[in-house]
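K.L.:
coordinates only, no sequence provided:
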């Protein structure tokens, strides 16, 4: 069912990721021109992420017709596997952004999904692949399966380029949302107004840039900075002044310390030091097929690896581990401090996901707990 | 979730089609080597059937990745459209056979689905197509979407080859179930025992043959005879002694008048006269692409057209109409008599479905109303 108008006018808001979920949606990596060795390593990593999350909430994995059998056989039985075509497997960016609202007739919330426009991370001007026709349908297909109403939007937006605190504040980056390869005809103010109307936020905080090396997404916020709760953020960090990431951290912390959220709170900032630095090896790059329409993968490329790219499940933090013993361990400590009362679960082998251009947050999409607003 | 053992031992039975439904599943015709003119006419007919049913219960239509957009745009918005691959679009035969049982902990019934084996209506020995790999997955995919547990079965069985009255009796045909192209290693008694164990029936009534001309299915019962309620059946009929169908009607009525159902009731029999006879035209046959792996379509072939091939929705009978004014009208009258209190809805244009080898009952699969036995 298609809903007209603006979600905020109908009492909807995007809840924070720590609000209760009914389930988590994940895609299934397949394309050999992005995932090395026919995606076999990435598939192992996705299975590990899905399995970790499924300890805390139901998980649905979507896989193409060609991969359904394989996904079904690799995933534990309690994870639902649904057929769905995709150009790549980043459900954070292509899945619906769920919004909820109070429903006076029912005990439960009402729920709907925003179906943003999508152009493969920049279309022909630096996008990650040339054909994104299947990705464009993912949000709608998810909402059809869940019998959940849909707010279509013509603005190009990936879910990984926004974070909300559920209490009026949105975090994003200028590098992505103001990039001329996204919505060149919209001003910063117009984009803010759309975020306010669709996410139900009152204030948008703009960091200048995302993580160094995150060229695939043009600096998505979800690899750089996120909320732990209202007034508390986690920021990708480096102490190494020679790392190009350092300047980005300084910029971000300057913005964050000189602003307040929508409710006037100053920010408490947890620093999450990046691993490595990590670089793509020759073997890794050579495992990527060069005959598709995806961006080339070059040996020696700095990986956009960040511990901020975690997922908040019901009662748990599902965080990437990169095989960097020092910073892997440190990240789990920081996350435990930032999320008291949560079980912090590190998932090994997430280097295979960052090789494809993202991490745990990028491949997941939470569906908030709420009753459908549709009959039946 | 996979369930082990036999449904009957766990309190399950297949409900009659007139018991309440939560929804109806329908596939989407596509293959040009079975559906003429790239399936455009059949798609119109499927839309009409789905729309008619959707007045009485929710409908989910499953369409391949290539056809999802088209199906979504042709179907009314209140019908759910889900991506699913298939070799052909006969969800009666490839979908799950749902079974229900009393669940003492809950107010609702528990529900599960039987996932029979399938070989394309006879495999390489007279089957309708050579590759049925996608059809084999349909039941499981439907059950995954609905989070409903699954009883796998190794016996070849199409849902259209059985009818139950929900009260202990199963109707089937020897022509299909004992055909050597289905389960050559099982005896009639062994097949009966499997039907009893999985459908929860006590008695199986075997008609010798199905409808004349129904060579695609080897005489499925659902084109020949069905229940209206316990003790009452509708039988495809002809008064024309020169019609090869006549002998089949005589055989069937002889069996039905000389037996009783599982509860000892004699049968009341409503005769539903077949249309026509109808034959495939040259134009119709020529519209079917000959370069696929499907059975050839020959001009002049007698169409296996039968009004028994209707669907019982919640409170309504959705019946095919063939453009044969006399028998179309007569069928609606007979159905109204057999189903007092039901709205009888004739769907025009069902010739396009019988050209592909079946009709409304063949393309539908009811899901009984019941709570899932799985958490969440």
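P.N.:
Structure received. These figures come from a predicted structure and were not determined experimentally.
K.L.:
next structured bit after the longest strand seen in chain A?
P.N.:
The longest strand of chain A (DSSP state E) is strand A:109-117. Proceeding N to C from strand A:109-117, the next assigned helix or strand is helix A:135-145, under DSSP states H and E.
K.L.:
does chain B have contacts with the next helix-or-strand element following that next one?
P.N.:
Using DSSP H and E, the helix or strand that follows helix A:135-145 in sequence is strand A:150-156. No - counting by CB under 8 Å from any CB of the partner chain, chain B has no neighbours in strand A:150-156; the shortest distance is 10.0 Å. C-beta: built from backbone N, CA, C; applies to glycine.
K.L.:
cool, stretch A:315-327 as well?
P.N.:
No - on the criterion CB under 8 Å from any CB, stretch A:315-327 is out of touch with chain B, staying 15.2 Å away.
K.L.:
endpoints of that stretch, how far apart?
P.N.:
Start and end residues of stretch A:315-327 are separated by 23 Å (CA to CA, to the nearest Å).
K.L.:
same question for stretch A:214-233.
P.N.:
End-to-end for stretch A:214-233, by CA to CA: 20 Å.
K.L.:
pLDDT of it, averaged?
P.N.:
Per-residue pLDDT over stretch A:214-233 has a mean of 98.
K.L.:
can you give me the buried ones in that stretch?
P.N.:
Neighbour-count burial for stretch A:214-233 flags A:214-228, A:230-233 (criterion: 16 or more other CB atoms under 10 Å in any protein chain shown).
K.L.:
ok, back up a step: partners of the longest strand of chain A in the sheet?
P.N.:
Partner strands and pairing direction for strand A:109-117 (DSSP bridges) are strand A:97-102 (antiparallel), strand A:150-156 (parallel).
K.L.:
with distance to residue B:195, mean pLDDT and mean neighbour count added, can I get the ones you listed in CSV?
P.N.:
Putting those into CSV (distance: least, CB to CB, whole Å; pLDDT from 0 to 100; neighbours: other CB atoms under 10 Å in any protein chain shown) gives the following:
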stretch, distance to residue B:195, mean pLDDT, mean neighbour count
strand A:97-102, 44, 94, 22
strand A:150-156, 43, 98, 17
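K.L.:
any chance of those in CSV, with distance to residue A:283 too?
P.N.:
Formatted as CSV, those follow (distance: least, CB to CB, whole Å):
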stretch, distance to residue A:283
strand A:97-102, 37
strand A:150-156, 35
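K.L.:
flag the shaky bits of the stretch 151-300 of chain A, pLDDT-wise.
P.N.:
Along the stretch 151-300 of chain A, segments meeting pLDDT under 70 are nowhere present.
K.L.:
what parts of the stretch 101-250 of chain A come near chain B?
P.N.:
Within reach of chain B by CB under 8 Å from any CB, the stretch 101-250 of chain A has these residues: A:134, A:137, A:140, A:141, A:144, A:145, A:147.
K.L.:
hang on, residue A:88 packs against residue A:28?
P.N.:
No - shown here, residue A:88 and residue A:28 do not form a contact pair, counting by CB atoms under 8 Å, at 10.1 Å.
K.L.:
distance between the ends of stretch A:295-303?
P.N.:
Termini of stretch A:295-303 sit 14 Å apart (CA to CA).
K.L.:
which parts of it are buried?
P.N.:
A:295, A:297, A:301, A:302, A:303.
K.L.:
what's the answer for stretch A:30-40, then?
P.N.:
In stretch A:30-40, counting by 16+ other CB under 10 Å, buried: A:30, A:31, A:32, A:33, A:34, A:35, A:36, A:37, A:39.
K.L.:
which of those residues lies closest to chain B?
P.N.:
residue A:30 (12.8 Å; CB to the nearest CB).
K.L.:
was I right about that closest one contacting residue A:39?
P.N.:
Yes - at 5.4 Å, residue A:30 counts as touching residue A:39 under the criterion of CB under 8 Å.
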